[in-house]
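Chemist: One predicted model, sequence on top.
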There are 2 protein chains.
Amino acid sequence: MRIEAPGPGELAERLRARELTAAPAVVTLLEDRSKRAQARELLAALGPAALGGEAPGQIVGMTGPPGVGKSTLLGALAARWRAGGRTVAVLAVDPSSKASGGALLGDRIRIASDGVGGPERFIRSMASRERTGGLAPATRAAAVVLAVAFDVVVIETVGVGQSETDVADATDTVVVIVQPGAGDSLQFLKAGVMEVPDILVVSKADTGGPAQTTLNDARAALQVLGAETAPVLAVSALPPGQGIDELEAALANHQAQLNVPERRLQSRRSGAMADFVSEYGERGLDAVGGRRSAERLLIAQDPHLDGQSLVELLARAGGLPVD
Amino acid sequence: MRIEAPGPGELAERLRARELTAAPAVVTLLEDRSKRAQARELLAALGPAALGGEAPGQIVGMTGPPGVGKSTLLGALAARWRAGGRTVAVLAVDPSSKASGGALLGDRIRIASDGVGGPERFIRSMASRERTGGLAPATRAAAVVLAVAFDVVVIETVGVGQSETDVADATDTVVVIVQPGAGDSLQFLKAGVMEVPDILVVSKADTGGPAQTTLNDARAALQVLGAETAPVLAVSALPPGQGIDELEAALANHQAQLNVPERRLQSRRSGAMADFVSEYGERGLDAVGGRRSAERLLIAQDPHLDGQSLVELLARAGGLPVD
């Protein structure tokens, strides 16, 4: 007798009932390319809940260079959320580094082992599309689906600019983290190679002097981007902590002012485009008459279609095989 | 009467005769997706010359964050090469920035307008695969083809890690440029998200103090990568210049020690893999039995096949349409 993995219908039901123990099986299902049909069933069974219509959890992107203290900050923030009774899922996207292998994974273990266990805090490392940290289709799908059950879903990436899809296209709120003296990151930011932040955090505020200069430089960079209304916060994750409350408040404030269904509709469209190109390549784009034409097709669709359905729609329009 | 664009046979002949005025038409041809058949003809007509076998020019990758002084340095280096009688082609890859648009393009104009004109210095801005600066198939093809006619071909990219293909996979020598105080870039480097350099340059050496610290940090970063034999040079492109001669020598030295045909064979294989995935998507990979199986297929082929032929070979193996 073998133990059957839970089916998509059962998983959807458990997510809608906010049963957090469903999370590992859900992500495993979404990551398995051979189970695309079941993934589709899961999305269909969740219906509008996975479209951002029914007040699901907040999806937060956290991005910045390695060594900037992302994971430590996320640990402090997660502790704060948990203390407030909020459940947290973290999807940590690791660029598969050729050179240093699992260098980034150590950080992840640090969050996981801070003594606060239980299903209220779910952490999963996910493969990136490419080694630069671009989001794989599974990550985007996982975020939306987990937001049905969890209060906060965080996608954590190494911030070197994303390939094809941006973290911004997969999340409600983008937090970019830089450290004191972060000249290079601010250059990347100004050049539009990094994500445009909804909230910009200067980490390691406890180190004093340089943080203030970086705050000023960061505000100047945001002005170049026309994003000067984004809050800029100096944060220290080391006990006693500094700025964590302000960051939590800024996140809540951003979500409160956001038209979530509208933002998620945009996400589904840009995500579907990226997934379509990832699946079918440039020839897929040629088959639907190019990128512009694909975009027009997506915009013309029922706004309640899930991302997977949009990809299939593009494929059918191009006469391409859908499974 | 309309003026016909030169055909692939004529272009190949002119390149082999080192007629540098052929360069613009060659790149235009390679960039046009509707002219893939002619591009193939061009490669076939060039034969082994485009495979790195017949002592063609050196292909150099120069990469680093925006603002680091890449273009100024490249300008100084190009002037040195020209003074030594060497011809230079520069392919500048611009990530198509959503936010700041043409912010990076200004630099390019600076190189182009330094008063040294003529076909001996060819500069072309090329689109990146995605906004992160990943190389498009056309850029790789252009580099190899131009190396038949030019003594040096430089691919210049913004160094934020590349999607799918690395600059290293398209060039003989990778120069990574960081600036004094480049903590973030060195973090990216250590994490394996940036290119592993064959030569590491710390720019703006004229600014004094911080450059020395950065040199030390850079050497430490290279040690983490097991690349401690790569030269680390402090360079200033401002007149009178500093370290430019050393950089020129380091580049010549790297080329002298390199097995060029072997490196270009590797490049063709990894480039073909990237182009195949770009053309046919994940489903293309599925059709050939996955990435590993595709790699085995590539390695089993005649090492004298050009990149385009390798892509077609994979496509045929997967039963996919070739044009």
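Modeler: Happy to help now that I have it. Just so it is clear, the model here is predicted, and its values are computed rather than measured. Numbering: from 1, shown residues only, chains lettered A, B, ... in the order given.
Chemist: Close to chain B: what parts of the stretch 201-323 of chain A are there?
Modeler: Counting by CB under 8 Å from any CB of the partner chain, the positions of the stretch 201-323 of chain A adjacent to chain B are A:224-226, A:277-284, A:286, A:321. To be clear about C-beta, it is placed using only N, CA and C from the backbone, and glycine gets the same treatment.
Chemist: These, buried ones only, as a ChimeraX selection?
Modeler: Selection of buried members from those for ChimeraX, criterion 16 or more other CB atoms under 10 Å in any protein chain shown:
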select /A:224,225,277,278,279,280,281,282,283,284
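Chemist: In JSON lines, list the residues of the stretch 201-323 of chain A next to chain B along with secondary structure.
Modeler: Shown next, in JSON lines, are these (DSSP: H, G, I helix; E, B strand; the rest coil):
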{"residue": "A:224", "secondary structure": "helix"}
{"residue": "A:225", "secondary structure": "coil"}
{"residue": "A:226", "secondary structure": "coil"}
{"residue": "A:277", "secondary structure": "helix"}
{"residue": "A:278", "secondary structure": "helix"}
{"residue": "A:279", "secondary structure": "helix"}
{"residue": "A:280", "secondary structure": "helix"}
{"residue": "A:281", "secondary structure": "helix"}
{"residue": "A:282", "secondary structure": "helix"}
{"residue": "A:283", "secondary structure": "helix"}
{"residue": "A:284", "secondary structure": "helix"}
{"residue": "A:286", "secondary structure": "helix"}
{"residue": "A:321", "secondary structure": "coil"}
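Chemist: can you list the weak-confidence ranges in the stretch 151-300 of chain A?
Modeler: The model of the stretch 151-300 of chain A has pLDDT under 70 over residues A:159-165, A:192-193, A:208-209.
Chemist: now the strands for it?
Modeler: Assigned by DSSP state E, counting those that start in this stretch, the strands in the stretch 151-300 of chain A fall at A:152-158, A:173-178, A:199-202, A:232-234.
Chemist: Now do the first one: which elements does it pack against?
Modeler: Contact analysis of strand A:152-158 by 3 or more CB pairs under 8 Å, 6 or more residues apart in numbering or on different chains; DSSP states H and E lists strand A:58-64, helix A:70-83, strand A:88-94, helix A:137-146 as its packing neighbours.
Chemist: strands paired with it, and their directions?
Modeler: Partner strands for strand A:152-158, per DSSP bridges, with pairing direction: strand A:58-64 (parallel), strand A:88-94 (parallel).
Chemist: now that we're looking at the residue of the stretch 201-323 of chain A found nearest chain B, which residues does it contact?
Modeler: Here the stretch 201-323 of chain A gets closest to chain B at one residue, residue A:281, 3.4 Å apart by CB to the nearest CB. Contacts of residue A:281 were listed using CB atoms under 8 Å, 6 or more residues apart in numbering or on different chains, and they are B:277, B:278, B:279, B:280, B:281, B:283, B:284.
Chemist: ok so residue A:126 is a strand residue?
Modeler: Yes - looking at residue A:126 with three-state DSSP, it is inside a strand.
Chemist: What's opposite it in the beta bridge?
Modeler: residue A:93.
Chemist: measure the spatially closest residue to residue A:191 that is not a sequence neighbour to residue A:231 for me?
Modeler: Closest residue to residue A:191 apart from its sequence neighbours, by CB to CB, 6 or more residues apart in numbering or on different chains: residue B:66 at 4.1 Å. Note on residue B:66: its distance to residue A:231, by CB to CB, to the nearest Å, is 24 Å.
Chemist: One more: residue A:304?
Modeler: Distance from residue A:304 to residue A:231, by CB to CB: 33 Å.
Chemist: Pick out whichever of those two has more residues nearby.
Modeler: Set residue A:304 next to residue A:231 and count neighbours by other CB atoms under 10 Å in any protein chain shown: residue A:231 wins out with 18 against 13.
Chemist: contacting residues around the more buried one?
Modeler: With CB under 8 Å, 6+ apart, residue A:231 has these contacts: A:199, A:200, A:246, A:250.
Chemist: my guess is the residue nearest to residue A:191 contacts residue A:189, does it?
Modeler: No - in this structure, residue B:66 is not within contact of residue A:189 by CB atoms under 8 Å, at 9.6 Å.
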